[in-house]
Structure formats: C-alpha cells, structure tokens
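**Q** Quick one, structure for this:
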Amino acid sequence: KAEGHVEGEKVENPDTGLYYDEYLRQVIDVLETDKHFREKLQTADIEEIKSGKLSRELDLVSHHVRTRLDELKRQEVARLRMLIKAKMDSVQGQVFKDTGIDHQALLKQFEHLNHQNPDTFEPKDLDMLIKAVSARFE
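**A** Below is the predicted model:
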C-alpha cells in the first residue's frame, strides 16, 4: 500500500503487461463492489486464492454483480474474437472474410476465461483468471 493512502482514494495500479489486463482490472473492481466478496478477498491467503476456494464465493455475490460480470465476459470474448479476426485477416489477407472463422477453436488458446460458456461469468472463469495471472507471475 502506498504511504498516505486515504480510504476511498483510487490507487493507480501499474500495468501488468497482460493482454487481458483491462479485463482483469474490471473484474476485480466489480467483485470489490460486493461487500461479502471484498471481505473474503481481504481475509483470504494466497493459497486460498490460488486453490480456487475464493472462486466458489462467487455464488454468493449479488445479482447485480453477477450481471455486470456476465457483461464484462461477453465484452472480453467479443474483444478476443476481434483480435483473432484482425490477426487472421492480416496474415491471410481477406481470405477469411467470406469463409468465416471457428472462433471457438481459436478462443481455446486464451486461458483466462472459459470459452465454452461465452455468456456468463461463473466460478470457473474466476478460477481460470486467477490461475492465468498466477502462472504468468510465478
């Protein structure tokens, strides 16, 4: 924590360098709006977080929080699809424009979310996000 930190003051976190950094920050911000989850997060140790125990607490957050997380996930999946399409177009020219792209197969390479369920943010998504970040910084 920074010296002179005032309660309620927004602390600017350094960029993690992750291609899903913005998504990660938004998920954390939304989860911290839920009092119960914020308390669990503050009292959890690193092993509880990495093991997925904290992810199970997602079932107890408010409906509003879950709805916002679902929305964030759909936006992230759409962003990843756009990135995939842009990459494919740049590599292959316009070949994929008419033939389509198997987005599901390409999304499998992204380990920070459950691509098999692109519409709702579930405990598995939180667990995958935590594990992806942990693996990156170990």
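**Q** List the contacts of residue 36.
**A** 57, 60-61 (C-beta atoms under 8 Å, 6 or more residues apart in numbering). C-betas here are computed from N, CA, C, even on glycine.
**Q** Just the buried ones from the residues you listed?
**A** 57, 61 (16 or more other C-beta atoms under 10 Å).
**Q** Closest to residue 124 out of the contacts of residue 36?
**A** Comparing the contacts of residue 36 against residue 124 with C-beta to C-beta places residue 57 closest, at 13.4 Å.
**Q** Mean pLDDT per helix and strand in this protein: which one sits at the bottom?
**A** helix 96-99 (a mean of 51; mean pLDDT, DSSP states H and E).
**Q** Would you mark the buried spots in the top helix by length along the chain?
**A** In the chain, with assignment by DSSP state H, the single longest helix is helix 63-92. By 16+ other C-beta under 10 Å, the buried positions in helix 63-92 come out as 65-66, 68-69, 72-73, 76-77, 80-81, 84-85.
**Q** Looking at the residues you listed, spot the one nearest residue 23.
**A** For these, the nearest to residue 23 is residue 76 (4.6 Å; C-beta to C-beta).
**Q** residues in contact with the residue lying closest to the closest one once chain neighbours are set aside?
**A** With sequence-adjacent residues excluded and distances taken as C-beta to C-beta, 6 or more residues apart in numbering, residue 76 is closest to residue 23, at 4.6 Å. When contacts are counted by C-beta under 8 Å, 6+ apart, residue 23 is found next to 72, 75-76, 79, 112-113.
**Q** what do you get for residue 123?
**A** Neighbours of residue 123 in contact, by C-beta under 8 Å, 6+ apart: 52, 55-56, 58-59.
**Q** measure it to residue 81 for me?
**A** 24 Å (C-beta to C-beta, to the nearest Å).
**Q** pLDDT (mean, whole number) over stretch 75-91?
**A** Computed over stretch 75-91, the mean pLDDT rounds to 84.
**Q** now stretch 45-53
**A** Here the average pLDDT along stretch 45-53 is 88.
**Q** The chain should start at 13 in everything you say after this.
**A** Sure, I'll start numbering at 13, so the last one becomes stretch 57-65.
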